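Chemist: Fold the following and give me the result.
(4 chains)
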There are 2 protein chains.
Amino acid sequence: MCANRVGEHKQETRIQAKNRAAIKRAALKVFSENGFLGSTLDQIAAACSMSKPNVLYYFSGKEAIHRALLEELLDNWLAPLRHMDPDGEPISEILAYVDRKLQMAQEFPMESRLFANEILQGAPRIEDFIRHDLKDLVDEKAAVISGWVEAGKIAQVDPYHLIFSIWAMTQHYADFEIQVRLILPDGTDPYEGASTYLHTLFVSLLTP
Amino acid sequence: MCANRVGEHKQETRIQAKNRAAIKRAALKVFSENGFLGSTLDQIAAACSMSKPNVLYYFSGKEAIHRALLEELLDNWLAPLRHMDPDGEPISEILAYVDRKLQMAQEFPMESRLFANEILQGAPRIEDFIRHDLKDLVDEKAAVISGWVEAGKIAQVDPYHLIFSIWAMTQHYADFEIQVRLILPDGTDPYEGASTYLHTLFVSLLTP
DNA sequence: ACTACTCTTTACCAACCAGTCAAAGAAATA
DNA sequence: TATTTCTTTGACTGGTTGGTAAAGAGTAGT
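Modeler: Here you go, the predicted structure:
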């Protein structure tokens, strides 16, 4: 057995890495479709073709799988907003943020739905994250946007509601994907139309 | 026993009306917080201070309670959009629609979350409603909006994405209420700020 | 009072739930 | 090869789930 260490933790074996990843992939699908309470270990085990005790060999319980999933997600969740550059050109910085969020909704709709499920059910497991990590970041970027407003670089808008509206509209295409697809005329790509629409929307809102 | 009839159905007694309403009130709370799969009959029974078999005396099962709730909701769900008047002044008609949707989010957040839960989980019980009732109405109103665009009364926008964006932003304040309240500075009323912001947003988007 | 009906509860069931455990089966190491 | 460690599983448990059966309690008409 190799004695590799990373910090305090033993290195994962190839099998462990592969199986843990397979379980998380399956669990993401199950949790994002049914929510935490509505999902069962049997569903997750079936989705990754493992026996239930084997799943529990890699994670200490249902809660632990869910926690691992959320922890990975929350890191990536902040990235698009964090990348908004205070020194960049205001309108293109905001449009770039919209694009990144929309791209995340398109590429990771299950992650978006996992998050939505969690918030919808009162955010029991991520209240601290929202209260501290997310709030601090939003406060910081809201101050940046307020600076842009005061400098006359963009029109007068409430920075918090601006951010909320970006979240709402981009995540809507992932979270309500079924509805969007059922209502949009057949063959229409939701994300293509959304991108064009959102650019028009925010340019007309923000141009002073 | 009174022999009143309404159509083919016997009239509900006062007790029946009262208890059915109490069960639905309790079930709305439970379902909107936990989703259909995550909710239990025991929770619903406890929330209306009845025994579980007594709840099942009034509804044939968990599914039936949920169905009754959705049916009532879906009627009201279409109303705000249906009231958009093709002959009215375009921008104020759209702003009035935004206001009605925002007011619904504020007054009936649990209903909004019940709907969100349902869509998020793939709309298994309301696919027909979305595919026919909702889609027909949206198609009709999208045509109206397209007419306004062609008449030069409002700026050029995709009517479907316009409607999606109104849904997304108004429902966001109900569905993600916890997040909104945790991030907004203390003492700020989400809906007051949202109303102002959304007016600015859509006026600047739609003014030709 | 009696009767007929509505409403409510206690006790219960089969299916399913998260999680355990001992032991068998594979891999890696020596 | 023998041995140790890692991986997998079948059988099980105690608790919860949606739902039922049947009997009791309440109510109104006669």
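
Chemist: Buried residues, the biggest helix by length in chain A. List them.
Modeler: Assignment by DSSP state H gives helix A:14-38 as the longest helix of chain A. By 16 or more other CB atoms under 10 Å in any protein chain shown, the buried positions in helix A:14-38 come out as A:19-20, A:22-24, A:26-38. No exception for glycine: its C-beta is placed from N, CA and C like everyone else's.

Chemist: Relative to chain B, how far out is A:E63?
Modeler: Using CB to the nearest CB, to the nearest Å, A:E63 is found at 14 Å from chain B.

Chemist: What about the residue of chain A found nearest DNA strand D, how many residues nearby?
Modeler: Of all residues in chain A, A:P53 sits closest to DNA strand D, at 3.2 Å by CB to the nearest atom of the strand. Counted with other CB atoms under 10 Å in any protein chain shown, residues neighbouring A:P53 total 9.

Chemist: Could you check which helix or strand contains it?
Modeler: Element membership of A:P53 [criterion: DSSP states H and E] is helix A:52-58.

Chemist: Can I get that helix as CSV, trimmed to CA atoms?
Modeler: Only the C-alpha atoms of helix A:52-58 are listed here, as CSV (Å, rounded to 0.1, in the frame of the first residue of the first chain):
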residue,chain,number,x,y,z
LYS,A,52,-26.6,0.1,-1.0
PRO,A,53,-24.1,-1.2,1.6
ASN,A,54,-21.3,-0.5,-0.9
VAL,A,55,-22.5,3.1,-1.3
LEU,A,56,-22.4,3.4,2.5
TYR,A,57,-18.9,2.1,2.5
TYR,A,58,-17.8,5.2,0.7
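
Chemist: re the thing from before, wait, does the longest helix of chain A make contact with chain B?
Modeler: Yes - Helix A:14-38 reaches chain B (CB under 8 Å from any CB of the partner chain) through A:33-38.

Chemist: Just send the residues you listed back as TSV, with distance to A:I65 too.
Modeler: Output for those, formatted as TSV (distance: CB to CB, whole Å):
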residue	distance to A:I65
A:E33	15
A:N34	13
A:G35	14
A:F36	10
A:L37	14
A:G38	14
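
Chemist: A:I154 belongs to a helix?
Modeler: No - read with DSSP: H, G, I helix; E, B strand; the rest coil, A:I154 is coil and lies in no helix.

Chemist: wait, what's in contact with it?
Modeler: Contact analysis of A:I154 by CB atoms under 8 Å, 6 or more residues apart in numbering or on different chains lists A:90-91, A:94, A:145, A:148, A:206-208.

Chemist: Narrow the residues you listed to just the buried residues.
Modeler: Among the contacts of A:I154, the ones that count as buried by 16+ other CB under 10 Å are A:90-91, A:94, A:145, A:148, A:206.

Chemist: What about these, which are in helices?
Modeler: A:90-91, A:94, A:145, A:148, A:206.

Chemist: farthest-separated two in the residues you listed?
Modeler: A:I91 and A:I145 (11.1 Å; CB to CB).

Chemist: Quick check: A:L56 touching A:L41?
Modeler: Yes - with contact defined as CB atoms under 8 Å, A:L56 counts as touching A:L41 (7.3 Å).

Chemist: Quick check: the gap between A:V180 and B:S195.
Modeler: A:V180 sits 25 Å away from B:S195, going by CB to CB, to the nearest Å.

Chemist: again with A:Y97
Modeler: Distance of A:Y97 to B:S195, computed by CB to CB: 24 Å.
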